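J.: structure here, sequence nowhere to be found:
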């Protein structure tokens with residue numbers, strides 16, 4: 001992703017208003033639950049060979065209250081397309097995830113993406129699918145993380161990045177994350193607080 005945005009995106013409140021209006025117009029729930037990479041629970045389908053089931057959880061890795069604002073702010077600092085993506089409905093709420101990547105630029109109406117090109121934002125409302133909340137820790141730990149088809153959901157933000165931005169003002173590079181992990185382990189070994 002490039003680092004300097006040149007588009008005219010609205011503040012999060014304006015984008016959310018457009019998203020809610022679209023959901024209401026299509027008859028979907030406008031009460032929203034936002035999830036992130038660690039909240040996705042992708043499992044292999046037993047009914048369809050090579051298929052996957054999409055669920056979510058917020059019990060084991062709950063997103064902080066400001067996670068959506070942080071993700072939208074970080075994504076807005078790029079020229080990459082932002083996508084408001086609805087996974088389905090659970091208990092009268094739309095389960096949504098925020099995506100961002102230049103790869104999403106090629107997605108249009110035929111793919112289920114409603115483009116708002118002047119904002120460089122797309123909306124994907126999906127179908128009237130029910131989505132399961134996974135509350136079994138074993139199922140969540142056994143979720144598919146690799147060896148699955150490339151999917152739009154690969155472009156969501158991780159909660160670890162949200163925490164980096166809250167702590168350091170930016171995402172850490174992999175070597176910085178490794179160094180931080182090693183320092184924390186050393187501090188614990190020496191009996192210091194991490």
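T.: Alright, I've got the coordinates. Since the structure is predicted, the reported quantities are computational estimates derived from the model, not experimental observations.
J.: not counting its neighbours along the chain, what's nearest residue 83?
T.: In this structure, residue 83 finds its nearest non-sequential neighbour in residue 99, 4.1 Å apart by C-beta to C-beta, 6 or more residues apart in numbering. The way it works is simple: take the backbone N, C-alpha and C, and place the C-beta from them, glycine included.
J.: please identify the buried residues of the helix or strand harbouring the one you found?
T.: Assigned by DSSP states H and E, residue 99 belongs to strand 93-100. Neighbour-count burial for strand 93-100, counted by 16 or more other C-beta atoms under 10 Å, picks out 94, 95, 96, 97, 98, 99, 100.
J.: same question for stretch 108-116.
T.: 112, 113, 114, 115, 116.
J.: any chance of those in CSV, plus distance to residue 139?
T.: Putting the buried residues of stretch 108-116 into CSV (distance: C-beta to C-beta, whole Å) gives the following:
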residue, distance to residue 139
112, 27
113, 30
114, 33
115, 36
116, 36
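J.: how about low-confidence regions in this structure?
T.: Applying pLDDT under 70 to the chain flags residues 1-6, 50, 146-150, 194.
J.: still on that earlier bit, out of the buried residues of stretch 108-116, which are inside strands?
T.: 114, 115, 116 (DSSP state E).
J.: what's near enough to touch the residue nearest to residue 26 when sequence neighbours are not counted?
T.: Using C-beta to C-beta, 6+ apart and skipping the chain neighbours, the partner closest in space to residue 26 is residue 125 (5.6 Å). Contact partners of residue 125, counting by C-beta atoms under 8 Å, 6 or more residues apart in numbering, are 22, 23, 26, 28, 86, 112, 114.
J.: if we can go back for a sec, how about the ones in strands among the buried residues of stretch 108-116 in a markdown table, adding distance to residue 182?
T.: Putting those into a markdown table (distance: C-beta to C-beta, whole Å) gives the following:
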| residue | distance to residue 182 |
| --- | --- |
| 114 | 45 |
| 115 | 44 |
| 116 | 44 |
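J.: closest one of those residues to residue 81?
T.: Minimum distance to residue 81 across these is 8.5 Å, recorded for residue 115 (C-beta to C-beta).
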